[in-house]
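need a structure here:
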Amino acid sequence: MNRVELEIVQLSSSVSQAQNYAVVLKERHGHRRLPIVIGSCEAHSIAIAMERMLPGRPLTHDLFKSTLETFHIELREVVINNLLDGIFYARLVCVHQGEVFEIDSRTSDALALAVRFECPIYTYEFILDAAGIVFPEMEEEDEPQTQVAQHSPASSSRINLDALENYSDSDLERFLKEMIEREDYEAAARLRDELRRRKAS
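Numbering: from 1, shown residues only. This next block holds a predicted model:
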């Protein structure tokens with residue numbers, strides 16, 4: 001399977017799911033973006049690492065990094081390796097004394113560790129095909145937005161994301177374009193999934 005390298009470009013609050021955030025990854029050599037909903041703790045852990053802030057006491061991901069380093073285990077890469085029923089799965093590819101082994105991980109934890117180890121993040125084409133959003137107009141030199149951005153709930157106030165079945169295809173396509181322009185990637189992902197579900201049925 002063809003692998004695609006990703007980078008984190010944004011963390012944004014989720015309009016539709018309280019206490020959740022969307023981490024947005026972009027392919028390094030293309031214009032597709034992959035929004036993944038994560039919890040607030042993991043979002044702040046990623047943001048802290050990207051800003052290179054030093055908390056008074058180590059966070060869980062800092063502790064795990066210290067543990068791996070103590071036992072001379074290198075985190076070589078993170079791979080988002082599957083997508084089932086809307087849930088992303090990831091693996092930590094580690095090296096110890098020349099032996100390569102993989103550890104199952106929640107995607108949010110894997111991303112928090114990838115930022116700390118400064119290791120590459122990969123996924124597969126089939127995952128980007130299924131869950132990626134294409135931005136043909138985006139410029140390659142986008143700078144990562146490391147702050148946890150706050151989107152106003154008004155950005156999706158004209159559509160009920162919990163009742164998408166009540167909208168026509170043309171309405172959903174219009175709202176999808178709107179959400180992309182507002183950079184509300186989590187809402188855009190839900191609209192995209194509903195449109196794909198309709199086309200498949």
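
could you point out the longest helix in this structure?
As assigned by DSSP state H, the longest helix anywhere in the chain is helix 185-200.

Check which helices and strands it is in contact with.
The contact analysis (3 or more Cβ pairs under 8 Å, 6 or more residues apart in numbering; DSSP states H and E) places helix 185-200 against strand 3-13, strand 20-27, strand 32-39, strand 133-134, helix 169-181. Backbone N, C-alpha and C define where each C-beta goes, glycine included.

now with 10 Å?
strand 3-13, strand 20-27, strand 32-39, helix 125-131, strand 133-134, helix 169-181 (3 or more Cβ pairs under 10 Å, 6 or more residues apart in numbering; DSSP states H and E).

Over it, what's the mean pLDDT, rounded is fine.
On average, the pLDDT along helix 185-200 is 80.

could you check the angle helix 169-181 makes with it?
Here the directions of helix 185-200 and helix 169-181 differ by 150 degrees (axes from the mean of the first three to the mean of the last three Cα atoms, to 10 degrees).

any low-confidence regions in this protein?
Applying pLDDT under 70 to the chain flags the ranges 14-19, 135-158, 183, 185-186.

So for stretch 77-86, what gets flagged as buried?
Across stretch 77-86, burial judged by 16 or more other Cβ atoms under 10 Å covers 77-81, 83.

Strands - which of the residues you listed land there?
77-81, 83 (DSSP state E).

Name the residue most distant from the centre of this protein?
Q97 (31.0 Å; Cα atoms, centre = their mean).

And that residue, how far from E74?
Distance, Q97 to E74, using Cβ to Cβ, to the nearest Å: 10 Å.

what distance separates the start and the end of stretch 26-39?
20 Å (Cα to Cα, to the nearest Å).

Show me how far that stretch is from its chain's centre.
6 Å (Cα atoms, centre = their mean, to the nearest Å).

list the contacts for A114?
6-8, 46, 49, 75, 77-78, 90, 92, 120-122 (Cβ atoms under 10 Å, 6 or more residues apart in numbering).

Buried among the residues you listed? Need that as a selection in PyMOL.
Applying 16+ other Cβ under 10 Å to the contacts of A114, the buried members can be selected in PyMOL as follows:
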select buried, resi 6+8+46+49+75+77+78+90+92+120+121+122
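
Most widely separated two among the contacts of A114?
A49 and Y122 (18.7 Å; Cβ to Cβ).

Please tell me I have it right and T107 contacts I46.
No - under the contact definition of Cβ atoms under 10 Å, T107 does not touch I46, with a separation of 11.2 Å.

intersection of neighbour lists for those two?
Counting by Cβ under 10 Å, 6+ apart, the residues touching both T107 and I46 are 23, 38.

Give me the distance between L172 and D85.
From L172 over to D85 the distance is 21 Å, taken as Cβ to Cβ.

that older thread, leaving aside the residues adjacent along the chain, what's closest to the residue farthest from the centre of the chain?
Closest residue in space to Q97, ignoring its immediate chain neighbours: H72 at 7.4 Å, by Cβ to Cβ, 6 or more residues apart in numbering.
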